[in-house]
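Novice: Got a predicted structure here, sequence first:
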Amino acid sequence: MNSNIFIIVIASAIFYGTPLFFAALGGIFTERSGVLNLGVEGTMLIGGVTGAWTCLHVGGSAWFTITVSILMGALAGGLVSTLLAFLCITLKTNQTVAGLSITIFAGTVGLSSYLANIWKVSRQPVPRPIRKLDVFGLSDTPIVGPILFHQTTLTYLSWVLAILATIYLFHTRIGLQLRAVGESPQTADAMGINVVKYRYVHTIFGGMLAGVGGVFYSLAIVPLWVDGMTKGAGWIAIALVIFGFWRPSLALLGAYLFGALQSLGSTLKARNVKISGDLLDALPFFMTIVVLVLVSSRFAHRKLGAPAALGVPYEREER
Amino acid sequence: MTSEIAVKMTGIVKKFPGVVANDHVNLEIMAGEVHALLGENGAGKSTLSNILTGLYRQDAGRVEISGKKVEFNSPRDALNAGIGMVHQHFRLVSTFTVAENVVLGEPDSSLFMDQKAVAARVQELSDRYGLAVDPSARIWQLSVGEQQRVEILKVLYRGARILILDEPTAVLTPIETTELFKTLRVMVSEGRVVIFISHKLDEVMAVSDRVTVLRGGRTVGTVNTHETSTTDLASLMVGRSVEFNRAVRQVPADRERIVLDVRDLCAHDDRGRVALESVSLSVSPGEIVGIAGVAGNGQRELAEVISGMRPITSGSITVDGESVQSGRARSAIAKGIAHVPEDRLHTGLAAGHSVEDNFALKNYRSMSRFRILQRQKIRDQSTHLIERYDIKTPGSETPVRLLSGGNVQKVLLAREFSASPKVLIAASPTRGLDVGAIETVRERLVQAADSGVGVLLISEDLDEILSLADRILVMYEGRIVAEVEAAQADRARIGLTMGGITT
Amino acid sequence: MRSPVRLERRLEQPKWLNWVVPLASLVAALILGAIVLWITGKNPFDVYQRIFERGFAGKRAFSGALEMATPLAFTGLCAAVAFRMGLVNIGGEGQFYMGAVGASYVGISLGGSPTGITIILMCLGGMVFGSVYAAIVGVLRARFNTNEIITSLMMNYLAAIFLNYLIFNSKSFWRDPDSPQFPKGKTLSARADWNTYSIFGVNLPIGFLIAILAGSAVWVLYKRTRFGFEVGVLADSPKAARYAGIRTTSTIVIVMALSGALAGLGGAADVGNFRGLLDAKGIQMAGYGYTGIVVAALARRNPLVTVVVAIFIGGLTKAGYALQGPNFPSGLVGTLQGLILFTAVAGEILIKYRIRMTPRRSEVVA
């Protein structure tokens, strides 16, 4: 029963969707504060390579190694996005170009590959990959077993994060102030909210989540480091933020939808279903375009909750 | 009234690139008074209040609150010291509810909000001060007047003792203004201080206890309101005596003919809501038709629709019997419609472009051969217009954004008038200009009408319309609700219709 | 706490800043790069010296720089043309692939035609494919207001998948039927080979000459024509453009198509001048489209300067390939390019703003 193709696809959709969700959730925090981070792809890669290096060099129990690797990946992602924050918030540069430069700097042929080279982690299988757990020994339960009880720790963590993020954004004081910063920094500033601080904190935190998403690639999905291994996941995550209307719960669903598209190819191939692999590979990218077109009319954008000040540097003494 | 000094500002200096906004300004305000800060645009009123609220920081000078020297590093510091400001451009998050806006930035360490308690407190405050508004409504659903009440509630909620209101009546109907004044009196009767910033003399006379007049960034003086008069205040404010009289027209309008004819016009605003509902009007050659109304009642959309910037959903626009294509600015320009938009710097002009390029903004097509621009022609046109319209600019190639407000408007008017239009749409053409520039602009409008142009003057300044227009239409919620000949116009009646009350 | 440093908008932008600032950004990027190298245990002087030797010094090295500069000049122009209007086309990569597909189709089909005609038709083929592919993004932006950044990027991935399909996963027209085990593109006939001239021992590819021509044409278009005027107004203020009756939607589509045509021309030059076949793996590895963004940013969107900057970045890239090995990690060149982009972006701010130190508290009270 659990070898039913739907169950396999759903279970692996959740698996492949997990890093997408981490990066998208990071994007939600960043964009809610009014900063557009187009450097997610590069940030994920830096997180991924740092995680792989840590995993190769830190001993101890599997739990310990993996935890430290994830934290290091988050730290690295945080550092990269601090750079972005400095460019976008302090220097008030064009956020699009700043984000792009992060991705070129850190990306496939940039720093992540450089670090992999000097750290000699390229194509080295990590000794302690992130494995799927067998929660309460229920992984063989029909239907729900593979879907709910046979996932990685990070996946369970992401569920907790999705709930916490929803509460944070929509039910707490800080969340309210964060959204005000993204909607109308002038208002927030006049009300005594430190716009710069809010933007920095959430941009950096967003980068840390993207870093964790990167670690999931190098420690769980492959699990070893290959240059440019996220293959555009960072960009899909940016699209997911829009797709999820800047809400964690919808972004989670979106991430699993894209995860399903990604896993469908290998699943079907294993079943000897004849379908063009190229076509399946193209689906996530094609879908992203379709979704963007659907939600992108200015009118829809405002209605769906795009932060009004997204991508606009805040300048106080404007006259 | 007690004699305790609530606010004392001495020797305040604030410079911005290219201007000294405050030049050793002094201000002294007593507890329990409504103190008016009077001055023209650019006199330094807003800068001074922004310093008092911690948004800007003075380059030199001293601020004391209740006798104690204070240093504000941020608006939060000022709020904590009991100073709250109601800005001219509201500082509200439009997607949030009234209650959410009110609690925003509240220095409360609790993680979660007690929405009910907040709503109850907001309700209580709004009852006490007569500021009717629903705490659970979202800002974008509210009228401008209601939004202003939210701004005031915000400040009261934070327990402000000193309230600064920056041009609060600009967006209000006469009735709403009266209500606001009542609220202000209730507040000062409780010992609070209200700083009322304005350039409208009548209102200052009506509401304030004392007046401090600023001119060109300096303090001119402080007077007791009951010991002064509008004429005195006007000469203090401008530095010489001025009187705006009804414009004298050399050539009467040719009412037999119609140059601009607008029939049953409907259109949407940027959010897709109905902004114009079946608007019909006509303008004769040489006639100035004034459109009065509180901002946001469809005036901007009307101007945009007639000038082809916004498509119409139904209805028709004709100039001299020829119809203008919907939403095609080029068609409107070709038919002879000139347009002086409200947003001069970013709609009427391309601010980053040079003066000469801006002169060519509408006729660059005729300044080219084989699609290559003829720069010499563009330059010649510019030299000619700069001289003819007496525009102060370092050169033809200077970006327009570097010019002063008055000269920016002159560039725009020069281009629009030199195209010899049949119809001229002017939206708030004098807003933000100093007195000298206002006079020039008004003269130009009258000259245009005298030369046979049909002028549609859209303005929120009722006095401007009363002094210039031959005929006055009043807009309310996207409709024309009243029409009067200027000769028979009654200020109070028009004020009522602007607020939606028809008799 | 208020930051002690403040940015203040400049009222006038002195002309000299326009070239001093990019040069200073370049120097700053090299210094930052040296710090990265030093931290990671490399000798920055040694590395930079080797880059200079292999990238620029001598006829052979300079020939290599020009070879790399050819595709980069085109992708740089592609990015610059769009940037000029405030459009961010990062789809230069995909449009470049499509240009290569179009040009190689023409090149393979026209086996027997004279070289001159073949070159012109290949250019046309590349331009048509590139511009149509980019115009899709333009239409979506103009029609539905869809963010062109993400769509153009998604189109890059789709183009890459399409390339792989043509060469590896199908028996397409482009694939060499004589090499079933090792899939590769069909080699173009010798007549479709683009010329390379030798001037004082430096190899000057005809593609680079075309790039200079294209750069000049774009310069004239933007500086001197009605269309350029319209694009300028649109970039400055979309509202003013609407007010003046400039057609926003069609201008967006035309600019995107032009941008894509330039990238496509680059793809054509890459096939005709250097590879001689549709090399699916090779052009994906090169990543010219992304590097073109760096070129355009450093050139501050000026089309003529873009061509010059392409030589510099080209030399850097060439050196990166030539030196690749245990002592010269592969990601270094990308890292340097990213740093150049950072400092160029930060430099833009120096042109627009002046930096002021906020007076200290004691001065305020004075």
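Specialist: Perfect, thanks for sending it. Numbering: from 1, shown residues only, chains lettered A, B, ... in the order given.
Novice: What separation do you get for residue A:276 and chain C?
Specialist: Distance of residue A:276 to chain C, computed by C-beta to the nearest C-beta, to the nearest Å: 7 Å. (C-beta placed from N, C-alpha, C; glycine too.)
Novice: What ranges does chain C have for its strands?
Specialist: Taking DSSP state E, the strands of chain C run over residues C:5-9, C:196-199, C:202-205, C:353-357.
Novice: Which parts of stretch B:427-447 count as buried, going by neighbours?
Specialist: Across stretch B:427-447, burial judged by 16 or more other C-beta atoms under 10 Å in any protein chain shown covers B:427-435, B:437-438, B:440-442, B:444-446.
Novice: Ramachandran angles for the closest residue to chain A within the stretch 201-350 of chain B?
Specialist: Nearest residue of the stretch 201-350 of chain B to chain A: residue B:272, at 5.6 Å (C-beta to the nearest C-beta). Dihedral pair for residue B:272: phi 90, psi 10, per degrees, to the nearest 10.
Novice: Give me the pLDDT for it.
Specialist: We have a pLDDT of 77 for residue B:272.
Novice: and what of residue A:298?
Specialist: Here, the pLDDT recorded for residue A:298 equals 62.
Novice: Next: residue C:289.
Specialist: 93.
Novice: Give me the mean pLDDT for stretch B:379-394.
Specialist: Across stretch B:379-394, pLDDT averages out at 93.
Novice: again, but for stretch A:274-291
Specialist: Across stretch A:274-291, pLDDT averages out at 83.
Novice: now stretch B:188-201
Specialist: Mean pLDDT, stretch B:188-201: 89.
Novice: That stretch and chain A in contact?
Specialist: No - in terms of C-beta under 8 Å from any C-beta of the partner chain, no part of stretch B:188-201 sits within range of chain A; the closest distance is 15.6 Å.
Novice: so how far does that stretch reach from one end to the other?
Specialist: 21 Å (C-alpha to C-alpha, to the nearest Å).
Novice: Any idea how far that stretch is from the middle of the chain?
Specialist: Centroid separation for stretch B:188-201 versus its chain: 20 Å, with C-alpha atoms, centre = their mean, to the nearest Å.
Novice: Return the set of buried residues in that stretch.
Specialist: B:188, B:192, B:193, B:194, B:195, B:196, B:197, B:198, B:199, B:200, B:201.
Novice: how about stretch A:167-178: buried residues?
Specialist: By neighbour count on 16+ other C-beta under 10 Å, the buried set for stretch A:167-178 is A:168, A:169, A:173, A:175, A:176, A:177, A:178.
Novice: what's the answer for stretch B:493-503, then?
Specialist: Buried residues in stretch B:493-503, defined by neighbour count with 16+ other C-beta under 10 Å: B:493, B:494, B:495, B:496, B:497, B:498, B:499.
Novice: which regions of the stretch 1-150 of chain B lie under the pLDDT threshold?
Specialist: B:1-3, B:18, B:109 (pLDDT under 70).
Novice: excluding its backbone neighbours, what's nearest the residue in the stretch 1-150 of chain A that chain C sits nearest to?
Specialist: Nearest residue of the stretch 1-150 of chain A to chain C: residue A:105, at 2.2 Å (C-beta to the nearest C-beta). Leaving aside its sequence neighbours, residue A:105 sits nearest to residue C:338 (C-beta to C-beta, 6 or more residues apart in numbering or on different chains; 2.2 Å).
Novice: Quick check: residues of the stretch 151-300 of chain A near chain C?
Specialist: Close to chain C, as judged by C-beta under 8 Å from any C-beta, the stretch 151-300 of chain A has residues A:196, A:227, A:231-232, A:235, A:238-239, A:242, A:276-278, A:281-282, A:285-286, A:288-289, A:292-293, A:296-298.
Novice: who's in contact with residue B:216?
Specialist: Applying C-beta atoms under 8 Å, 6 or more residues apart in numbering or on different chains, we find residue B:216 in contact with B:23, B:42, B:43, B:44.
Novice: and chain A, which of the strands of chain C is closest to it?
Specialist: Among those, strand C:5-9 comes nearest to chain A, with 6.6 Å by C-beta to the nearest C-beta.
Novice: what's the least confident helix or strand in chain C, going by average pLDDT?
Specialist: The least trusted helix or strand in chain C, going by mean pLDDT, DSSP states H and E, turns out to be helix C:361-365, with a mean of 37.
Novice: where exactly do the helices run in the stretch 101-250 of chain C?
Specialist: For the stretch 101-250 of chain C, the helices defined by DSSP state H, counting those that start in this stretch occupy C:115-144, C:148-167, C:206-224, C:226-236, C:238-243, C:248-269.
Novice: Excluding chain neighbours, what is closest to residue A:123?
Specialist: Nearest residue to residue A:123, sequence neighbours excluded (C-beta to C-beta, 6+ apart): residue A:224, at 5.8 Å.
Novice: Hmm, that neighbour is touching residue A:127, no?
Specialist: No - counting by C-beta atoms under 8 Å, residue A:224 does not reach residue A:127; the two are 10.3 Å apart.
Novice: dump the residue contacts of residue A:17.
Specialist: Residues near residue A:17 by C-beta under 8 Å, 6+ apart: A:252, A:255, A:256, A:257, A:258, A:259, A:260.
Novice: Residue A:291 is in contact with the fifth one, correct?
Specialist: No - in terms of C-beta under 8 Å, residue A:258 does not count as a neighbour of residue A:291; the distance is 9.8 Å.
Novice: in the stretch 301-450 of chain B, which spans are helices?
Specialist: So, for the stretch 301-450 of chain B - with DSSP H, counting those that start in this stretch - the helices run B:329-334, B:355-359, B:375-388, B:405-418, B:435-450.
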